[in-house]
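need a structure here:
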Amino acid sequence: MRGPQTGPVQGQPAVPMQTSPSRPVPPAGTTGPVTGSTVGPGRTADRPMGPSPADRTGPPDATTARLPPLNVPPITPEQQVAFRERVLNAYGAIAWLRSPPWVDPDQIGLVGFSDGGRVGLFVATGVGPTGVPYPDAPMPRAVIGYYSSCFDLAGAGAGPAKLTTLTVPYLAHVAGNDDWPGTQVCPEVFARLIRDGPPFTRFDYPGVSHDFNARQFKTEKRTPYGSLLYNAEADRLAWERSLAFLREKLGLKQP
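The predicted model follows:
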C-alpha cells in the first residue's frame, strides 16, 4: 500500500491486483495457517499502530473545541490518481496475502486511516476505484475505518450514492471534532450501509480530532485540511474495540 507522499510502505506491496508479485515468505517456525492483515494509510504512513503500554495509563488528554472551516485547497489530478491507486493497491495487497498456503484466506482484515478508511469503504462494498462493482475482487473478512473520509477523490462519479451495500462487516471509528474535508458527508454514507448486508458498527468519540490515535500529535497541529490531535483515551478504546471486532469477525481465539 502506498500514499501519494510516502511511496511504498515496507512489507505491503504497492501493486494493482492484476499483477503477480512473488509470494511472501512465511514467518520462521510457521507450521499452519496464520492471520493476515493489510493497512491503508491516509495522509501519513508513519502513524503508530495502536497505543503503547505507556500511553494506556493516566487520564485522557484534553480535547480541542470544534474549529472554524478552513480554506481547503482543491483536489489535484495527482490526488485523484493516488486515490485510484490506493483502491487497486488494497485489492492487490489482499490478493497477495491470499497467495501463500500458510495464510488463512478467511482471516484477512483491512484497516484504513483517514482516506485509507474511505478506501476501506470501497473494498467493503466490493467496488473499484470508479465506484462500480469490481468483478472477482479478492475480499477481506472484515474492514475497519478510523476517522474515514467520504469525499469523492476518485473524480469519476464514485460519490456517496454509489456505496450502498456492504459485502463484509465494517467498523467505523468516528471523531466527534473531525474538521477534515469529506468527513461531514459520512453520516449519509453510513446511513445507507446500515440498511442492508453484513453488520455495520459505528463508535463515536465525542470531542476528539482527526488522527486521534497518532501519538506524534500530542500537541495540536493545524494543516490546510484540518486539525490533528492525539487523545489517549480514544486511542485506547478504539484499539481495544478494533481487536475485539477482528477476533469476532476473523474467528480468532482470545490470547
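
so who does Ala238 touch?
If you count contacts by C-beta atoms under 8 Å, 6 or more residues apart in numbering, Ala238 has them with Tyr146, His173, Phe203, Tyr205, Phe212, Asn213. All C-beta atoms are positioned from the backbone trio N, CA, C, and that covers glycine.

could you export these as TSV, including secondary structure, distance to Pro133 and neighbour count?
Formatted as TSV, the contacts of Ala238 follow (DSSP: H, G, I helix; E, B strand; the rest coil; distance: C-beta to C-beta, whole Å; neighbours: other C-beta atoms under 10 Å):
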residue	secondary structure	distance to Pro133	neighbour count
Tyr146	strand	26	27
His173	strand	27	26
Phe203	strand	28	14
Tyr205	strand	32	22
Phe212	coil	33	28
Asn213	coil	32	28
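
so where is the stretch 1-150 of the chain shaky, pLDDT-wise?
Within the stretch 1-150 of the chain, the set of residues satisfying pLDDT under 70 comprises 1-75.

so which residues of it form helices?
Assigned helices in the stretch 1-150 of the chain, in chain order: 77-98, 115-124 (criterion: DSSP state H, counting those that start in this stretch).

using PDB, write out every CA atom in the longest one.
Meaning helix 77-98. The C-alpha trace of helix 77-98 is given here as PDB (Å, rounded to 0.1, in the frame of the first residue of the first chain):
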ATOM      1  CA  PRO A  77      -5.300  15.400 -10.500                       C
ATOM      2  CA  GLU A  78      -2.400  13.700  -8.700                       C
ATOM      3  CA  GLN A  79      -4.500  13.200  -5.700                       C
ATOM      4  CA  GLN A  80      -7.300  11.700  -7.800                       C
ATOM      5  CA  VAL A  81      -4.800   9.300  -9.300                       C
ATOM      6  CA  ALA A  82      -3.400   8.500  -5.900                       C
ATOM      7  CA  PHE A  83      -6.800   7.500  -4.600                       C
ATOM      8  CA  ARG A  84      -7.500   5.200  -7.600                       C
ATOM      9  CA  GLU A  85      -4.100   3.600  -6.900                       C
ATOM     10  CA  ARG A  86      -4.900   3.100  -3.200                       C
ATOM     11  CA  VAL A  87      -8.100   1.200  -4.000                       C
ATOM     12  CA  LEU A  88      -6.300  -1.000  -6.500                       C
ATOM     13  CA  ASN A  89      -3.400  -1.500  -4.100                       C
ATOM     14  CA  ALA A  90      -5.800  -2.600  -1.300                       C
ATOM     15  CA  TYR A  91      -7.200  -5.300  -3.500                       C
ATOM     16  CA  GLY A  92      -3.700  -6.200  -4.700                       C
ATOM     17  CA  ALA A  93      -2.500  -6.500  -1.100                       C
ATOM     18  CA  ILE A  94      -5.400  -8.800  -0.200                       C
ATOM     19  CA  ALA A  95      -4.700 -11.000  -3.300                       C
ATOM     20  CA  TRP A  96      -1.000 -11.100  -2.300                       C
ATOM     21  CA  LEU A  97      -1.900 -12.200   1.200                       C
ATOM     22  CA  ARG A  98      -4.200 -14.900   0.000                       C
END
